[in-house]
Every structure is written in structure tokens, then in C-alpha cells.
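K.L.:
Have a look; sequence and predicted model below, questions after that.
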Amino acid sequence: MRIVCVGGGPGGLYFAGLMKKADPRHHIRVIERNRPDDTFGFGVVFSDATMAGIAEADSEAYRGIARHLVHWDDIEVNYRGERISSTGHGFSGMSRHTLLRVLQEQACAAGVEVLFERDVNSLDAFADADLVVAADGANSTVRQLLRDRVKTTIDLRPNRFVWLGTTKPFPAFTFYFKRNDHGLWRVHAYQYGPGRSTFIVECREETWRAAEMDRATEQDTAAFLERLFAEQLDSHRLITNRSIWRQFPTIRAEPWSSDNVVLVGDAAHTAHFSVGSGTRMAMEDAVALRDSLIESLSGDSLAAETRSVVSGFSRTNPDALASALRSYEARRRPQVESLQRAAQASLQWFEDTERYTTLEPIQFTFSLLTRSLRITHEDLRARDPQFLARVDELVACEAERQIMKLATTEDTGDAEEQSRSTRIEPPVLRVPRGGELVPPPMFTPFRLRDLVLPNRVIVSPMCQYLADDGTIGDWHLVHLGSRAMGGAGLVMAEMTDVSRDARISPWCAGLYKPEHAAAWKRVVDFVHRETPAAIGVQLGHAGRKGATQRLWEGDNVPLAEGGWPLISASPIPYFAGRSTVPREMTRADMDCVVADFARAAELAREAGFDLLEIHMAHGYLLASFISPLTNTRTDEYGGSLENRMRLPLEVFDACRKVWPDEKPMSVRISAVDWAPGGMEPDAAVEVARMLKAHSCDIVDVSAGQTVADQQPVYGRLFQTPFADRIRHDVGMKTMAVGNISSYMDVNTIIAAGRADLCVLARAHLFDPYWTRHAAWMLGYPLPWPDPYKSMERYTPRFEFRFTGDKS
């Protein structure tokens, strides 16, 4: 093949060397605009796992790189006057200049032609090339030349950062957080060679402007930061190398190829420097591209790095080349997007560091270490059990304080009345006292008013669509009862509708007739009698999403017959042209709805529920008032967020008035609509503030399902950041929900202070005893009910492992 690599950075050089080693008959040329010794920045970082991948792909390159690495296991965080270290992380630093020299030497030794000081302004010069590899970085000229065929989005992040070096050697990957009159400054520092370290300084734009860094030269910047971090630098100097203040661009290109041109590295995608991934991603792209080219030609997977490739693959075989490039993107894109999601979570943590400065230093450090979601509580148990023990001890002590503080500050009233109203006695706290067992974070208790939950795991409300005119039956008893026996701290009954016309479907559960309360009481009594769990109910009104088929018969599909008139904030159907157009509510309609919710709350009280939740999410009636996408009213119930919240708050107040003072109330909200012009996290924070002002105890933070054309950004724990933000910005208790499925994630969320409770849905459908099984996996003693006592002598000899066909 005739291959041209545009860009002589790590991605282009490494790919060129890999392909030439795979078959010396390839003619490969690397074109670089800079001189051989030019490089910008200072050090690069590789994890131990990345180095293992390089060793597998190219042992010669691995040996050349490994000779120059500075290795460290520790991460050190300096915050509020404390220095906290965590070990077991396994990273290495290396001079970027040295890395380029090693890759240049190996490429040239293999027979690659490397040309320097050559600009590329057109692809016409490569008309005779079989393959053009665009490895020319974030400001890729080749990508720009392909702009009509390659769609590129660039998300320019708000924080400012500057890349510096220093002569101070750091023995660990070191973070500094220092506040001065201008604001909070963050430092990411690591050693990459003898007497040389990278020193990245990051801050918010308002801090940058307040310090007049927007007008600073490189020398001004270095001098200012040397003064600011004089103590941390220990008289060492800062070194500049094009050290200008920048904003990080998150780049996403699609597709990664066009005809015989393919993008690799930063030309195709970027990930924030806080996960140290730019060079790593480029080199992993190079390996994947090599493998895809070889596999498409040979029809077999790559068995060894020395596999020879038959000469060919010319422009006369465009189908084979297209297949190889599609294979490369299919292989790499999921991995890259996963890393970009991790990088997004990481960069947002550093953008929002001010939010976390109320955390204790040990919890702040845990939050930092787990910010990208790639390191969990369980990972840290394996890497640094001593550090994790301190985290768990803090969480357990905070749980005890939270319970005891509420117990001593609340008005207890009549002792007999309190005994009746408090459903659960506080559990025995396993906090550190004389060697007692410290519970994992998910098994610490939590108090809401007089309700003490034995742990932080919640069974999410999940509609079953098996009620008879609102009356539930045996299915619901078994469904909720089994999950309460399964160990969850709180079991939430499904969205229970406040009137016949409030139902999603004819088979929805209700609380609008006296017999409904009696049916629910049977379930509530079982949970109270047989388990330590609490049980709550979610009250809702379907609004414009009512009169539809059951989920498995057609999600949100209107009933063919037997429907009923719908009401909403505005006359906007859910599916344009398919769904029933709802009637815009009048004040009289609002009065009826408020009364229906209050009556349902009274019935919930009669049934004995421990917690009452009002559903203000997912596009149902109350949510339709909150979202500007579904509320186009021009009266006092439309327009501003305050106006749009009038009816939802009126409903909440009416329920709070009839709901017992000692019992908590929660609200589920959609923090974002995933659609242009809809709810955004900033507005969700204001919604939470209003709810807190109306004595809401905790917010259940969900997202989306407001409009049919939503474009959600799914991923693991994808809604947790919204709960995290509300918890810290509003100072309000929150529940996290959304793609939480592992006990590692629950422990991480609670320990980092991202939410107070974790709500799981499908995990509990798959495994009703999910919480008990988590306790067993963690070695935490969660007593079984007496009839199941023999389980305490049972050791499972299996684990869930999927081996079937998911299709």
C-alpha cells in the first residue's frame, strides 16, 4: 500500500511504524509541519494498562518507551491545608519530546519516510496514495478539508487552563486546590523526567479575569503563578513553552473516514487532559486501524504483531478499503465514546470544584478520584484499603450524626403518639466504636423526618399495568413484598393515579376510591410486618400521556377504544398527528386536580405508607406545566418558571397539608428535557429551591420523557450529576436514579456525596434480592428473615455470566 500520514505526532508516527513492521513492502510517508525537535507541552501520561496494551501491540515500541518512563502509584490531593494520598493507581510520565524522538527513530528504522516542515493545504498532492491518515491534531487541516463530508462538533469548555513545566520533581500525581482573592485555582502536576514536571493550572473564567490573566503574557502568567504557588513550588521555577491560556475543545467527528482518508487521534476526537488520554487514544487508534486493515485483507483476526500482509489493497479495491475503515470505526468508536463520557464527567468535576469545597478533605479526595466514574468504591478497596477505610468511617459517622441530630432537634411531642407515627426504630449503627464493623456506605441508615431507612437502596416505582379500575391485587403484593424482603431500605409503589381520568392506561393502580386504600394497606402491612423496609407511594396524573396502551403493547400508543378526555397545561399532543389532543386546563380543572391529589394523599395515609412522592416528571400532568416545551400558556400559569411552578406547588402544598407532619414527602422531577428549548439543569436547581421552600424533604432527580423527539445522552449513572448538583447547590437531600445497577456504583455515589439515596428499577426486576446479594458480595452481615435462616450457612457456587445471544 501507498500510505501518507499527515501529522507527525504520536498517532501518525506510531501507526506508520506499526504498518511498516507488519509488511515492509508498504510505502509509508509521514508529513509533519514542524521541525524534528519541535514539540509543545511537556509530559504525557500512560496508565499501566495502556502500557500493557502497547507491549502487546508492538514490543519494540514498548521497550523504547519504557526506558524513559517515570512511574508512580500515588495520587496526592492538597486541599484545605491537608495532604491526602491514595496509592495503587499505577501511572507513568514521559517527556513528550522524548516520546516523539523514540517513535521517529523506530519509524525511520523500519523504513518509514518522515518529512518535516511541510504544510498540507490540499489533498490533491496525495492522489496516488491508497490511504491517507489524518493525524494532524485537534486543529486538523485534513478534517477541515473534509468538512462537507465529515460532520464535526466542537464543545469549547468554559474553564481556562495553561500548560507549564517546572523543575520541581513530584513523587506522586499531585493536585493542589488553592483559593485567593480572585477565586479557586486547581493544579494538576506530575513528573515526566529527572527534574522535570508538568504543572497545569486551571480556573474558572471569572477567576482568570479577576487575576487579569486575560491580558497576561507568557512571562506574566509564569511570574504570577510562581508567586501564587511559591510554597508548593519550593523555590523551583516555572517553565513556559507556548504557555498561553486556553479553553479545552471536546471534538467529535462523524464519520471518521471519507473515501480513502481516515482520521485518528485528536483529529477525530478529544478527551479532557484530566483523564490523561489524548496521546493514549491516538496510539490506540493506530493499533485498531492497523488491525482493521490487516483483518480486512486477510479475512482473519490478527494473531501476532509480525503477521505479514500481502501487497495490494490499492485504490483499485475501494470496497476492501471501505470495509477496513468501517471496521476500524466500529471497533474504536464505542471505546472512544466511553472514554469521552468519562472525560466529560471528569472535566465537569473540575469546572464545578467550587461546588465540593464544603466536603471534608477525605470525602473531597474520594470525590475527585471517582469523578470520571471509571474508578469505583470497590476499585479503591482493592487499590488502597486503608484510604477507603477512612472514607467509609467518615460516611458512617456522618450517618450517625444525621440521625442523632434530627432525633435531638425535632420536637418529639407525645411519646405514645410518636411511637405510633415512627414506623421504623433506628437500626443498630455499625459505626467505628472500639473495633466495630464499619458498614459500606450503601448500608448506612438515613433519616427523613421520623422515618429512618436501614440503608440507601430504593426500589424505584415501576408501573405494572395489572390493576382493575385502580384496585391492585396479588401481583402487587408479591412484586413489592418480595423486593422488601430482598433488603432494600425503601420500596416505592408504582405511579398511583389520583382519579380514573388521571391514569396512563385502564390497568394503572389508583388511590381514588376507598377500596384502593384497603388493597394497598394489605401490601403495606405485609412490608411493615415481615421486613425492615419502608414503603412509599408515588401519586401522579398522566395528563396528555393518558389513555394509552400498556407498555408491552405499545409505549405511549393511544388506546384504540375506551379512552377518555385528556387535559394538560396546553393543547399539545404527545405524538403529533397520533395522540389525542389534550384540552388546556381551566382554573376549575386545576381545582379538581388539586382536590384529587389531596384526597389520594389522605387515602395513602389511611393505607399506612411511610413516604409520599408527587410525580412532577416525565411529561405527565404536573411536569407539563413545568416544561416550556409543553406549557405555552400566556396566563399566570405560563411564561416564567415561577408561573409554571404555581400549580405543581399548589398540589404539593395540598398534599403536605393532609400528610402527617412526621412523615416525609418527596418529588420526582425531570432535570432536563433532552430537547432544545426545554428544561435544563440550571432551571432544575431553581425548581428544587422552590420545593425546598415548600418543605419538600427530598428530590428524586430523573430526566427526560417530556417530548417524543427527545435526544437523551444515555450512559452509566447518566442522571446522577443532576442529583449531585441539586444536593450541593440547593443544600437539599436527593435521590439519584438512572442506569444504576451495581453495588459498586451505589457505594461510590453515597461515599462521594453525589446523592443521599440510590433508586434502582430494572436491577430489582432482574433480582428482587439485589440488596441482600450485594451485602453478601461485600461481606456485610444483613440478617435473613427467620424462615430463611439456613441461608446464613449457604455459599453460592455460581455467578451470573451471560453466554447467550442478546439479539
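P.N.:
Thanks, I have it. Residues are numbered from 1 along each chain as shown.
K.L.:
what's the span of stretch 783-802, first residue to last?
P.N.:
29 Å (Cα to Cα, to the nearest Å).
K.L.:
likewise stretch 106-124?
P.N.:
End-to-end distance of stretch 106-124 (Cα to Cα): 29 Å.
K.L.:
Flag every buried residue along it.
P.N.:
106-108, 110, 112, 114, 120, 123 (16 or more other Cβ atoms under 10 Å). (Each C-beta comes from the backbone N, C-alpha and C, glycine too.)
K.L.:
buried stuff in stretch 686-704?
P.N.:
Residues 687-688, 690-692, 694, 696-704 are the ones in stretch 686-704 that count as buried (16+ other Cβ under 10 Å).
K.L.:
go on, stretch 476-491?
P.N.:
Buried-residue list, stretch 476-491, by 16+ other Cβ under 10 Å: 476-477, 479-481, 483-491.
K.L.:
Stretch 145-152 too?
P.N.:
Within stretch 145-152, the residues scored as buried using 16+ other Cβ under 10 Å are 145-146, 150, 152.
K.L.:
Make a markdown table from those residues and add pLDDT to it.
P.N.:
Shown next, in a markdown table, are these (pLDDT from 0 to 100):
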| residue | pLDDT |
| --- | --- |
| Leu145 | 98 |
| Leu146 | 98 |
| Val150 | 98 |
| Thr152 | 98 |
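K.L.:
and which of those residues is nearest Ser86?
P.N.:
Distance to Ser86 across those (Cβ to Cβ) is lowest for Thr152, with 37.4 Å.
K.L.:
helices or strands next to whichever strand or helix holds the closest one in the packing?
P.N.:
Using DSSP states H and E, Thr152 sits in strand 151-156. Under the contact criterion of 3 or more Cβ pairs under 8 Å, 6 or more residues apart in numbering; DSSP states H and E, strand 151-156 touches strand 249-254.
K.L.:
how far is the helix or strand following the strand it packs on from where the chain is centred?
P.N.:
Beyond strand 249-254 on the C-terminal side, the first helix or strand identified by DSSP H and E is strand 257-258. On the basis of Cα atoms, centre = their mean, to the nearest Å, strand 257-258 sits 30 Å off its chain's mean C-alpha point.
K.L.:
name the helices or strands packed onto strand 257-258?
P.N.:
helix 318-351.
K.L.:
what comes into contact with the following helix or strand past the helix it packs on?
P.N.:
Moving toward the C-terminus from helix 318-351, the first helix or strand encountered (DSSP H and E) is helix 361-369. Helix 361-369 is contacted from outside by 75, 77, 79-80, 82, 84, 86, 175, 349, 356-357, 359, 375, 380, 387, 390-391, 394-395, 751-754, using Cβ atoms under 8 Å, 6 or more residues apart in numbering.
K.L.:
Buried among those residues? Make that a ChimeraX selection.
P.N.:
Listed next is the ChimeraX selection for buried residues among the contacts of helix 361-369, using 16+ other Cβ under 10 Å:
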select :75,77,79,84,86,175,349,356,359,375,380,387,390,391,394,395,751,752,753,754
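K.L.:
Among the contacts of helix 361-369, which ones are in helices?
P.N.:
Of the contacts of helix 361-369, the ones assigned to helices by DSSP state H are 349, 380, 387, 390-391, 394-395, 751-752.
K.L.:
Okay, domains of this structure per the record?
P.N.:
Following the assignment in automatic domain parsing, the chain carries domains at 2-39+49-65+95-148+252-355, 458-793.
K.L.:
Comparing those, which yields the minimum mean pLDDT?
P.N.:
With a mean of 91, domain 2-39+49-65+95-148+252-355 has the lowest mean pLDDT of the domains of the chain.
K.L.:
What is the end-to-end distance of that domain?
P.N.:
53 Å.
K.L.:
for stretch 24-41, same thing?
P.N.:
Stretch 24-41 end-to-end distance (Cα to Cα) = 33 Å.
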